[in-house]
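> got a sequence here, can you build the structure:
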Amino acid sequence: MNFVAIDFETANERRCSPCALGVAVVQNGEITEKKSWLIRPKELYFNPFNVQIHGITQQDVTNEPELPDLWQAISPYLEGRFILAHNASFDMSVLRHTLAAYHLPFPGLSYCCTCMFAKSAWPELPNFRLDVVSRRLDIQFAHHDALEDAVACAKVALHAAEKAGAATISGLSSALGIVPGKLTADGYKPPQAKRPKTKRPKAKRPKLAL
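Presented below is the predicted three-dimensional model:
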């Protein structure tokens, strides 16, 4: 079971405003590395709503590097890897929009969403937010801290793999009926849940009156 779990926090409502990134590397089913960065967004504007969520302020990142200055350190965690995020549509959108804003090429990677995993593995939950899923699995973490969220995401995937009896991340995706997404230099394809095939009942032909 090898993958990398990530989590972005953003400074404002724009997807190209990352202010923090957390990474948790899983190798052979164990979390082997944790890494996080504070990031100065291209536009140094912090929406009070976002600050209320994650607690990161403009002062915290004023002297931090922007993404292009960190990209050499960050990209090896993404290029050619299988990436997981909770609500991956958000995190991958942040990545794509930020790289586009700086005219940086997209890394090639496969990705999936642990929120989708949770919906398949624990459908009885009232909702599938990371804090709710983590509480169900007794995962302790500080929500909306980028590194803590990435680690919690990784642990959710490992719990799902144990429940499904899957030995690989692609095997887990298949067992839960999810087709992984792709990010390439030319674009992206989001992960999708497979819809179960249902047989349509044959229409009964009306009997002809003789």
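
> alpha carbons only for contacts and neighbour counts from here, please
Fine.

> ok, longest helix in this protein?
Assignment by DSSP state H gives helix 146-164 as the longest helix of the chain.

> so which strand or helix has the closest residue to Leu104 other than its chain neighbours?
The shortest distance from Leu104 to any non-neighbouring residue, by Cα to Cα, 6 or more residues apart in numbering, is to Pro68 (7.9 Å). Element membership for Pro68, per DSSP states H and E: helix 67-74.

> next: Phe90.
Per DSSP H and E: helix 88-101 holds Phe90.

> re the thing from before, list the helices and strands the helix holding Pro68 packs on?
The helices and strands touching helix 67-74, judged by 3 or more Cα pairs under 8 Å, 6 or more residues apart in numbering; DSSP states H and E, number zero.

> please save the CA atoms from the helix or strand that comes right after it in CSV.
Per DSSP H and E, helix 67-74 leads on to strand 82-85 as the next helix or strand towards the C-terminus. The C-alpha coordinates for strand 82-85 follow below in CSV (Å, rounded to 0.1, in the frame of the first residue of the first chain):
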residue,chain,number,x,y,z
PHE,A,82,-0.8,8.0,-6.4
ILE,A,83,-2.2,11.0,-4.5
LEU,A,84,-5.1,11.0,-2.0
ALA,A,85,-6.9,13.9,-0.5
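
> ok, strand 82-85: who's next to it in the sheet?
Paired neighbours of strand 82-85 in the sheet (DSSP bridges): strand 3-10 (parallel), strand 109-113 (parallel).

> and the gap between the residue nearest to Leu44 when sequence neighbours are not counted and Gln140?
Leaving aside its sequence neighbours, Leu44 sits nearest to Gln58 (Cα to Cα, 6+ apart; 6.8 Å). Separation of Gln58 from Gln140 (Cα to Cα, to the nearest Å): 28 Å.
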